[in-house]
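[1] Curious how this folds, go ahead:
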Amino acid sequence: MATPVEEYFVEAPLFRSFVETVAGMTAAEARRERVVEHLRPAFADLLRADGWLPEAFGRPSPGSGMGGGIGTYLMYRRPNLSLMALVVPGGAATPVHDHLAWGLVGLYRGEQDEEVYRRLDDGRTPGVATLELVERRHLSPGDFYSLLPPDGDIHRVRTTSEEPSISIHLLGNDIGCIWRHAYEPESNAVRDFRSGYANVECKD
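    Take a look at the predicted model:
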């Protein structure tokens, strides 16, 4: 069976309207920095709105590919684009990881601390990566930032609220099903990983 051109896993009208805005902008503008800039108002509206994210998409996931009960829920995808909700339990943190895509990431619920890293080496030595911590910031609901690799693409987030944090990711790839990288800055180690989705299986 052929893979659908696009797949919706959230049906709320506001969410569909945002997806249509994204589709129109990406079709009209090839420069991703311009796409990200033009989508900021609509993304901010999505983060401010209540009621559109299904309750099931806000729960931790024991079988997470990211570990620590971190849930990744696919909300929408088409070739070279996905929208995903990331749920990080209270007190838990993601590994340091990259996304390998342009995009927008914003906090919908809870509180987070974020560490942003820059890679210093050339990536030619397998299993080795030298990172530099370049920024720390605290995120509250409605805060968001852009990804334009290599700028801002490597980070770690930790939930500082008692309840899980939920962040919304708009990314220029199928983020849960691609192979990307998890880093250990203290030991300069890097490994390939795939986070998967809690609600959808990846097709190899």
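
[2] Could you tell me the end-to-end distance of stretch 50-61?
    22 Å (C-alpha to C-alpha, to the nearest Å).

[3] Tell me what the closest residue to G91 other than its chain neighbours is bridged to.
    Once flanking residues are discounted, G91 sits nearest to T159: 6.3 Å by C-beta to C-beta, 6 or more residues apart in numbering. All C-beta atoms are positioned from the backbone trio N, CA, C, and that covers glycine. Bridge pairing for T159 (DSSP bridges) gives the partners Q112.

[4] Against G68, how distant is T159?
    Going from T159 to G68 by C-beta to C-beta, to the nearest Å gives 10 Å.

[5] tell me the centre residue of the chain?
    Central residue of the chain (C-alpha atoms, centre = their mean): H169, 3.9 Å from the mean position.

[6] That one is in contact with M84, isn't it?
    Yes. Using C-beta atoms under 8 Å, H169 is in contact with M84, at 4.6 Å.

[7] Give me the nearest residue to P79, chain neighbours excluded.
    V5 (7.5 Å).

[8] circling back: so which of T159 and G68 has more stuff around it?
    Taking other C-beta atoms under 10 Å, T159 and G68 do not tie; T159 has more neighbours (25 against 16).

[9] from memory that one sits against R109, does it?
    No. Taking contacts as C-beta under 8 Å, T159 lies outside contact range of R109: 9.9 Å.

[10] ok, which stretches of this protein are strands?
    7-8, 71-78, 81-88, 96-97, 103-109, 112-119, 131-139, 144-147, 154-159, 165-171, 180-184, 189-193 (DSSP state E).
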